[in-house]
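Chemist: Here is my input, please return the structure:
(4 chains)
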Amino acid sequence: MSDQVTASTPPPPAVTDAERDELRRQGILLTSLQELYTWGNSHSVWPLNFGLACCAIEMIAASMARFDIARFGSEVFRPSPRQADLLIVSGTVTKKMAPQVIRLWNQMPEPKYCIAMGACAISGGPFKQGYNVLKGIDRFIPVDIYIPGCPPRPEALLHGLLELQKKIQGFKISGPDAPRHLRADLKCDCPVPEFGEHDLEPPANPEVWTAPTLVRSEKA
Amino acid sequence: MLGSGLLQGLGVTAKNFVGSFHDPARLTTTEYPEVKTKLPEAYRNFPFLVSENATDPMGTLRCVACQICEKECPPQCIFIEKSKDKKPDATGKLQLFPAVFDIDVSVCMSCQICVEVCPFDAIKMDQDFEIATTDRFTGLMLDKHALAKPNSYFHEIHPTDAAEVDGRLAAERKAAEEKAKAAAAAKAALAAAPKPAPAALAATAKPPAAPSAEAPKTPPAA
Amino acid sequence: MSVSDLSSLGSPGGSHVRAVHDEFHGDLLEVSMGPHHPSTHGVFRMIVTLDGETIVKLKPVFGYLHRNHEKLGENTSYLGSMPYTDRLDYLSSMTNNWAYALAVEKLAGQPVPERAEYVRVILAELTRLLNHTCLAGFLMQDCGCSGTPLMYAFREREKILDLFESLSGSRMMCNYQRFGGCRVDPSADWLDGAKKLTDGYGAFLDEFETLLTGNEIIMARTQGVGRLSPALAISAGVTGPMLRATGVNYDLRKVDGYGVYPRFDFRVPLGDHGDVYDRYMIRVLEMRESIKILSQALAGIPAGPIMDPKAKLRGFRPKAGEAYGRIEGPKGEIGFFLISDGSPNPYRYRIRPPSFINLTILEDMCLGQTVADAVIILGSVDIVLGEVDR
Amino acid sequence: MESAEQIRDRLLAQFPGAEISVVTNPGVAAQHSLLLGAAHARAIAEFLRDDANLKLDQCSNVTGIDWPEKEIIETTKSTVPDPAGGPAKVVELKTKRIQPGCLEVVYHLYSIALRHGPVVLRLRTGNRTDQSTVPSLTPVWRACEFQEREVFDLYGVVFEGHPDLRRILMWDAFKDHPMRRDYVEPDDYEWEPTPHGAVLEKAKAHYPAPSVAAVPAAEGAKP
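Modeler: Down below sits the predicted model:
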């Protein structure tokens, strides 16, 4: 538990880290509700058993004996979105598939997280100029961690998962910095686009997708 | 006997289960964050730019902004802008350098074609894969400062390749120096023949820098 | 609503399951399986109409992984398409590379040195081992052997991937072959490693077969399920282990004799019944033949250049014409049809995807079977969606 | 196996009046093909499948190709004798003609029974818009079923006699035929940090407009 202390740093610490360690050695576990919550939350992230393309094979490899995602409490791949906490978008999201991915995301209960695994899920990757390829799943759903690579090694997925755990451990359970699922004023669902005549309608969800404007001088 | 196949199968799983406590062939798990897998030398993830030394990476980039990799990159994830002025490269020739060199690693497919087509050994494949980030616009758009890694790092990750490249570059440099010397000598001889010129002038006269002598001026039109 | 107008339900958006009334058959149930379904090997979707538990109609729905590979191929140079072929059938990138390289070499009349041909055979057979092992694992997962066979399969897969990685630099997306040879020359150490793996693979297969082949539950579950007749298989263009499981002796390694395959001594395993069990057995037997080819190739690999010295990496422009090149991939005949107009990009870049065409007869195999069998019949076809939808 | 010319001659003897011509492949592979007219295509396909010498029982591959209208400039050289009796002059004549566009479907046939191939068949539509129909060969080879649907989806070739001609890869409401050369894709180029060529042109539409500061202040202030 002691390594999670950094997450909360209250202004004057009631108990210092050293004291806490000493207490733990004496058999007394001292924690706050916030730490307990984020600790439990971050170490039992159950992914959805959902593969899209090449990266899914590496995701399966990560769950197999050699890389063993079970060491991080995430081996419970749930076939149903109702029981899953983590959507690993592992592969190219095509425009035909995008509404289904978003529907799965909407069906997942909070707290839920999304990892965009691999170049295709982040930006469309090598296939981004294709007419049926969505240029990144973050056009429609909020993404917590981006893991680049084509495909990322299973270790890279594990690293991404550890990053996600760090992010969860940094959450505050109250106040304005609280994550989405603890805030009544923030929406959890994302609208599902319709199949249009030429493209998805709308082509992006403006609530989650704002690309920075790229200022680029004309090429000489 | 009905069921014997089942029992034999259970025997296999039992053997594997018991073996997983002592048999190294069955203990396959890599304890990843604590124990890093030893990556093979050939492993590639994303490109980086080789600079000659670590202290001045921007000044000693091998890249001469010839834009071949930019044209050959299949997913088009490289963006290069040439500089306006020139500065000497590794072999002492005056060359252009990249004013902008961006790689969008959220698009890169690690295919290594940029490395294969680069005539200057300026771009190589990195092995770092722990680059998961929370923001793809800033975290995964690498500019030349983020891409530049010193030659010593290249030696660290691809020792065989790096030694070969260094040998080749050293030979090229030597050849260039000798050529320069020969040219200077010829010029001096030429100058000496009609009228005796000051020796100092001939000695300092550097051969005309030919930046594009071996740099392919224009890659074949795509 | 009658069964006949169910085809209009191709686009998802309706309810997941719905009852269909028909005056003769009572209630028919229409189930949409996929695109998110653990047994569909990716994002494949079937609309299955059930009478009780029996399948009366099955319509596959494609396109959930349609990545516009062919269009991208028309806008990229010949070399630039090579890494994309890795991502077609992402379990067997080496054979995709080879098929594409073969088609381009046919188009341009590019010779390949002997050592490279041997290396290609070695890599293709390793890929076959990898693919068939994983397929057996996935198929058994579909049958309900949750985890164990797949775990064992992936343990062996990692060993082959380590070989690929140390040679080409990437575990899955090797991008290794070039027009007129291969990218890097395998070292003696690498060949030793491949030899060691080949020698040990037979023992693994023995163990795997003890676990699965004689298992009564698996036999009961797979024998007689999803039968396919040879005539239908030929007419439907089914290739690879699927075709040979029906008893048709057609293996491109023997028929076309591409590369240096005529030099090796191996047999073509054939099935009798064309059911799921035969398809599984054919793959196991093919792996044993692959081991034979591998040990011959590793023993006989000659020294020499790995690339044709005249081969061009950049600025490759074959003269106008067209060529169809095909090889025996692990899933069947993978072919590339290229039309060149003399420019650096192909005018038309067409992939003949084996697993897509093998799915043509999915409905015929599933009719009259139960819905649980549809899952293993699909598993035995051995599809990879990257190739089905491209 | 018989050459394309031999097959054509045999077919012409069998089907008098059918339009069959050999399209030569100038490339190294020299896989020549037979261009069939729509009227007899299915009968010819059945003949090829059942003929004892050919037995092309497997249709391996079906490819759609788009040939848009092309302007061809032909240069013909002709020698014009000088009327004055001098040496003859060589005059170059440039003629422009529009080669009409069409959609083409290519079938690669192999024989599993006799282990030979490929025999390549080509079918062409009248044009790319209103006459985009060719006969379907699905009744002859089941293998064409999904592949012809794919050609219909991506190129818009309508296969007459296909049992189930629907879109296969794109969704049903989709209107375009994306593999055609003149397909214009929807604009989603707002974040293209490394653009080139055509992508750069499309991405420029999303670059910020030139700042107001570039305009003289007095004019800029005016409403």
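Chemist: any chance you could map the helices in chain D?
Modeler: Using DSSP state H, the helices assigned to chain D run over residues D:4-14, D:41-50, D:144-155, D:197-204, D:217-221.
Chemist: okay, these, which one's buried deepest?
Modeler: Across those, averaging neighbours per residue (mean count of other Cβ atoms under 10 Å in any protein chain shown) puts helix D:144-155 on top, at a mean of 25. No exception for glycine: its C-beta is placed from N, CA and C like everyone else's.
Chemist: Averaged pLDDT, it. What do you get?
Modeler: Mean pLDDT, helix D:144-155: 91.
Chemist: So that helix, near chain C or not?
Modeler: Yes. Helix D:144-155 lies within reach of chain C by Cβ under 8 Å from any Cβ of the partner chain, at D:E145, D:F146, D:Q147, D:L154.
Chemist: Give me the nearest residue to the last one, chain neighbours excluded.
Modeler: In space, D:L154 comes closest to D:M179 once its chain neighbours are excluded; the distance is 3.8 Å by Cβ to Cβ, 6 or more residues apart in numbering or on different chains.
Chemist: The first one too?
Modeler: Spatial nearest neighbour of D:E145, excluding adjacent residues (Cβ to Cβ, 6+ apart): D:T138 at 4.9 Å.
Chemist: wait, doesn't the one you found sit right on D:F152?
Modeler: No. In this structure D:T138 lies outside contact range of D:F152 using Cβ atoms under 8 Å: 11.2 Å.
Chemist: which residues do these two both contact?
Modeler: Here D:T138 and D:F152 share the contacting residues D:F159, D:H162, scored by Cβ atoms under 8 Å, 6 or more residues apart in numbering or on different chains.
Chemist: and the helix of greatest length in chain B, how far from the chain's centre?
Modeler: For chain B, the helix reaching the highest residue count under DSSP H is reported as helix B:159-192. Relative to the centre of its chain, helix B:159-192 is centred 22 Å away, using Cα atoms, centre = their mean, to the nearest Å.
Chemist: With stretch B:149-164 instead?
Modeler: Counting by Cα atoms, centre = their mean, stretch B:149-164 is centred 9 Å from the centre of its parent chain.
Chemist: For chain C, tell me whether that stretch is touching it.
Modeler: No. Applying Cβ under 8 Å from any Cβ, one finds stretch B:149-164 separated from chain C by no less than 9.6 Å.
Chemist: Listing request: residues of chain C with sub-threshold pLDDT.
Modeler: In the predicted model, chain C carries pLDDT under 70 at residues C:1-26, C:40.
Chemist: For the closest residue to chain D within it, the count of nearby residues, please.
Modeler: Across chain C, no residue is closer to chain D than C:G321, which sits at 1.6 Å (Cβ to the nearest Cβ). By other Cβ atoms under 10 Å in any protein chain shown, 22 other residues sit near C:G321.
Chemist: my read: it touches D:T24, true?
Modeler: No. Taking contacts as Cβ under 8 Å, C:G321 lies outside contact range of D:T24: 9.5 Å.
Chemist: And the residue lying closest to C:P38 once chain neighbours are set aside, how close does it get to B:P74?
Modeler: Excluding the flanking residues, the one nearest C:P38 by Cβ to Cβ, 6+ apart is A:P79, at 4.6 Å. Distance, A:P79 to B:P74, by Cβ to Cβ, to the nearest Å: 35 Å.
Chemist: how near is whatever residue of chain D ends up closest to chain B to A:G124?
Modeler: Of all residues in chain D, D:T194 sits closest to chain B, at 3.9 Å by Cβ to the nearest Cβ. D:T194 sits 13 Å away from A:G124, going by Cβ to Cβ.
Chemist: where do the contact lists of the two overlap?
Modeler: Taking Cβ under 8 Å, 6+ apart as the criterion, D:T194 and A:G124 both touch B:V107.
Chemist: show me the contacts for the residue most central in space within chain B.
Modeler: Nearest residue to the geometric centre of chain B (Cα atoms, centre = their mean): B:K124, 2.2 Å. Applying Cβ under 8 Å, 6+ apart, we find B:K124 in contact with B:P47, B:F48, B:V50, B:V115, B:F154, B:H158, B:D161.
Chemist: among those residues, which are in helices?
Modeler: Among the contacts of B:K124, DSSP H puts B:V115, B:F154, B:D161 in helices.
Chemist: burial count for the last one?
Modeler: Neighbour count for B:D161, taken as other Cβ under 10 Å: 17.
Chemist: Please apply the same query to the second one.
Modeler: Using other Cβ under 10 Å, B:F154 is surrounded by 22 other residues.
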